[in-house]
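K.L.:
Model the following, please.
(chains A and B)
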There are 2 protein chains.
Amino acid sequence: MTLDDLPELERLARALEPDPSLRARAFARTVQYAHQYLDGIADAPAYRTDPQRAAALLDHPIDEHGIGLETALALIEAQVDRPGIAPTSGRFAGYIPGGGLVHAALGDFLAAISNRYAGVFFASPGAVRIENLLLRWMADLARLPATCAGYLSAGGSGATLSAIVTARDTAGIEGEAIARAAVYVTEHAHHCVRKALRIAGLGRVQWRLIAVDAGYRMRPDALQDAIRQDRADGLQPWLLVAAAGATNTGAVDPLTALAEIAGCEQLWLHVDAAYGGFFLLTETGRQRLAGIEAADSLVMDPHKSLFLPYGTGALLVRDGEKLHQAMSEGADYMQDT
Amino acid sequence: MTLDDLPELERLARALEPDPSLRARAFARTVQYAHQYLDGIADAPAYRTDPQRAAALLDHPIDEHGIGLETALALIEAQVDRPGIAPTSGRFAGYIPGGGLVHAALGDFLAAISNRYAGVFFASPGAVRIENLLLRWMADLARLPATCAGYLSAGGSGATLSAIVTARDTAGIEGEAIARAAVYVTEHAHHCVRKALRIAGLGRVQWRLIAVDAGYRMRPDALQDAIRQDRADGLQPWLLVAAAGATNTGAVDPLTALAEIAGCEQLWLHVDAAYGGFFLLTETGRQRLAGIEAADSLVMDPHKSLFLPYGTGALLVRDGEKLHQAMSEGADYMQDT
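P.N.:
Next up, the predicted model:
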């Protein structure tokens, strides 16, 4: 291939770009579809059964031959936007909410149009600042200090993994220490906690299910007893996972009392506020969530109670330097950034 | 709160919804902005410096008082869509490409409008089938068998982590075995491999930088020598990471020869095709990438050479059951799914 080939290659490449009028039609038709969808959501069923389980999609396997916008929209309507759970429906009453903010959809659209890379300040200072502003807003809500750092993730599970890896490396849990390290949760802890421990190579930690009170909240006295017993047995109390809105029950563990124990016993306090954290926007929520400001790490899920699109999670780590130490890697190809 | 409060609560909630005319204006104005942006990309600079580094965004911290659509679009234009790297520009010549497909932006928009949950078949059989059709298409490209399974991730790094955790659990690398396990890479391996090992609790594995040839490709003879030496030293050769398009150099390791060694030596062959994998769509690519079909795990990044929006990664694991065993967790609140 030589420079002389470039004009022909450009001609071939340009044919792949929709011209302005085709592009305008595609945008207009898609927006029309969206309006039609939104016009119907107030009374749309929250759940639709579908005996075919969207099997008609299988008649359109992915290949290099496009199916055209109208066929694509018809498939989306019948096979994607109908069967299953409609979290945007006015009748959707799941106590862990789904999304449905049209401005969020516009934001997703614009983000994909310009496709700025938010992972490196050099590549997009604006995108990085927006992420940091959002994190700062959440940190202020939870009254976390200026030292905290974090990131927007694809969901609460990934954010929880980063929290646990940071807690692991801060405490130096590795090798023989793993089987001696003790983790304190209730039976209502989200399954991503257990999964994160497994992914982080900590599947064999001591897993303590602390008793709950009548409101399904962790009992501080039972926690204290468990820690005492573990210390007596030569184990290393390490991680306390408190729920600020448990998935099963909505229960908020007594954060202030748990934080006091975590402080005295030098446990890492991880607060799982994926579901409940944004109730900090209400006065009642601030009262119920008092103590959250003591978290060493905190996970909140904007795709839950902020109604943003799936998947949008967030991690905040009180001492951002610890997150940095646990996660940073260098590379030649990053030298300009 | 009683049922009698519902009408008043509904009144308050409805005020938060844009009415159809406001919504139509927001959509139209955003689409207009997108067209204006796209009209300019053919000759837009690929990189714009900005002495202020988008600092004007700091004058608009996130709070409960909206700034209005016009202010938001003006900030996006000046502070986000200008400074830094424009991967959509016709002048962008990064050899690892950025995105810029308008139909992908429309897809993101529609996905956010209906916000179907793709994590559970019960919640959205259509969304799950689309993900699986995409994975099947990629698996066919790489000639991976019907047993393979995977997922679409937020990027190649997360997909690599899942691959390494699956490889770790399949080989039972834990405890004292970690420091005896050997990983074979070249110095050009992407930094996410090292990072995934650290996150997976494997920071202390034996890290072997295998010599490369004049084309920066891993030398099979040097790999074989290193394995032989490690076995002689009582270590456990475990993981071979081959690049199918190295980030620094674009080099494709000799996959067929490496796969043969991996098969004989019972190594897990992970192929990092994040950047290079989709060259399988070309005849030249298929020749260069011969041997990729032997991968135990394979990462490809649609947000690179398929030009899809950041972040879109994909993992494929040859034996899907191993991925399932490494990753599955149950929970009460999942019992209906």
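K.L.:
Skipping adjacent residues, who's closest to the residue in the stretch 101-250 of chain A that chain B sits nearest to in space?
P.N.:
Nearest to chain B, among the residues of the stretch 101-250 of chain A, is residue A:201, at 2.1 Å (CB to the nearest CB). Using the backbone N, CA and C atoms, a C-beta is placed for each residue, glycine as well. Leaving aside its chain neighbours, residue A:201 sits nearest to residue B:201 (2.1 Å; criterion: CB to CB, 6 or more residues apart in numbering or on different chains).
K.L.:
Then residue A:331?
P.N.:
Counting by CB to CB, 6+ apart, residue A:331 lies nearest to residue B:191, which is 3.9 Å off, once chain neighbours are set aside.
K.L.:
In this structure the one you found contacts residue A:327, no?
P.N.:
No. Taking contacts as CB atoms under 8 Å, residue B:191 lies outside contact range of residue A:327: 11.1 Å.
K.L.:
Which helix runs longest in chain A?
P.N.:
helix A:20-39 (DSSP state H).
K.L.:
what distance separates that one from the middle of the whole chain?
P.N.:
30 Å (CA atoms, centre = their mean, to the nearest Å).
K.L.:
correct me, but residue A:27 touches residue B:31?
P.N.:
Yes. With contacts counted by CB under 8 Å, residue A:27 reaches residue B:31, the gap being 5.0 Å.
K.L.:
The two: which is more packed in?
P.N.:
Higher neighbour count among residue A:27 and residue B:31: residue A:27, with 24 against 20, using other CB atoms under 10 Å in any protein chain shown.
K.L.:
what residues are up against that one?
P.N.:
Each residue near residue A:27 by CB atoms under 8 Å, 6 or more residues apart in numbering or on different chains is listed here: B:31, B:34-35, B:102, B:106.
K.L.:
what residues go with each domain of chain A?
P.N.:
Domain assignment for chain A, taken from automatic domain parsing, gives A:14-93, A:112-326.
K.L.:
Regarding the shortest one, how distant is the last residue from the first?
P.N.:
Using CA to CA, to the nearest Å, the end-to-end distance of domain A:14-93 comes to 48 Å.
K.L.:
same question, stretch A:226-244
P.N.:
21 Å.
K.L.:
buried subset of the contacts of residue A:27?
P.N.:
Among the contacts of residue A:27, those scoring as buried are B:31, B:34-35, B:102, B:106 (criterion: 16 or more other CB atoms under 10 Å in any protein chain shown).
K.L.:
Dump those into JSON lines; add distance to residue B:254 and pLDDT as well.
P.N.:
Formatted as JSON lines, the buried ones among the contacts of residue A:27 follow (distance: CB to CB, whole Å; pLDDT from 0 to 100):
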{"residue": "B:31", "distance to residue B:254": "49", "pLDDT": "98"}
{"residue": "B:34", "distance to residue B:254": "44", "pLDDT": "98"}
{"residue": "B:35", "distance to residue B:254": "47", "pLDDT": "97"}
{"residue": "B:102", "distance to residue B:254": "39", "pLDDT": "95"}
{"residue": "B:106", "distance to residue B:254": "41", "pLDDT": "97"}
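K.L.:
among those residues, which two are most distant?
P.N.:
B:35 and B:106 (12.7 Å; CB to CB).
K.L.:
Okay, buried residues for stretch A:139-155 please.
P.N.:
A:139, A:141-142, A:144, A:148-155.
K.L.:
CSV for those, including secondary structure and distance to residue A:59?
P.N.:
As requested, the buried residues of stretch A:139-155 are exported to CSV (DSSP: H, G, I helix; E, B strand; the rest coil; distance: CB to CB, whole Å):
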residue, secondary structure, distance to residue A:59
A:139, helix, 49
A:141, helix, 47
A:142, coil, 49
A:144, coil, 51
A:148, coil, 50
A:149, strand, 48
A:150, strand, 44
A:151, strand, 40
A:152, strand, 37
A:153, strand, 35
A:154, coil, 30
A:155, coil, 31
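K.L.:
Switch the domains of chain A over to TSV; also include distance to residue B:94.
P.N.:
Below are the domains of chain A laid out as TSV (distance: least, CB to CB, whole Å):
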stretch	distance to residue B:94
domain A:14-93	18
domain A:112-326	10
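K.L.:
hey, which of these is tucked in deepest?
P.N.:
Highest mean neighbour count of these: domain A:112-326, a mean of 21 (counted as mean count of other CB atoms under 10 Å in any protein chain shown).
K.L.:
can you give me the strands in the stretch 151-300 of chain A?
P.N.:
A:181-185, A:206-209, A:236-243, A:268-273, A:297-300 (DSSP state E, counting those that start in this stretch).
K.L.:
tell me the mean pLDDT for the first one?
P.N.:
Same thing as strand A:181-185. For strand A:181-185, the mean per-residue pLDDT is 98.
K.L.:
try the fourth one
P.N.:
Here strand A:268-273 scores 98 as its mean pLDDT.
K.L.:
on contacts alone, who are the packing partners of that strand?
P.N.:
If contacts are counted by 3 or more CB pairs under 8 Å, 6 or more residues apart in numbering or on different chains; DSSP states H and E, strand A:268-273 sits against helix A:156-171, strand A:236-243, helix A:255-265, strand A:297-300.
K.L.:
which outside residues touch the second one?
P.N.:
Applying CB under 8 Å, 6+ apart, the contact partners of strand A:236-243 are A:164, A:167, A:171, A:173, A:177, A:180-186, A:188-190, A:193, A:205, A:218, A:223, A:227, A:230-231, A:251-253, A:255, A:258, A:261-262, A:265, A:267-272, A:276, A:295.
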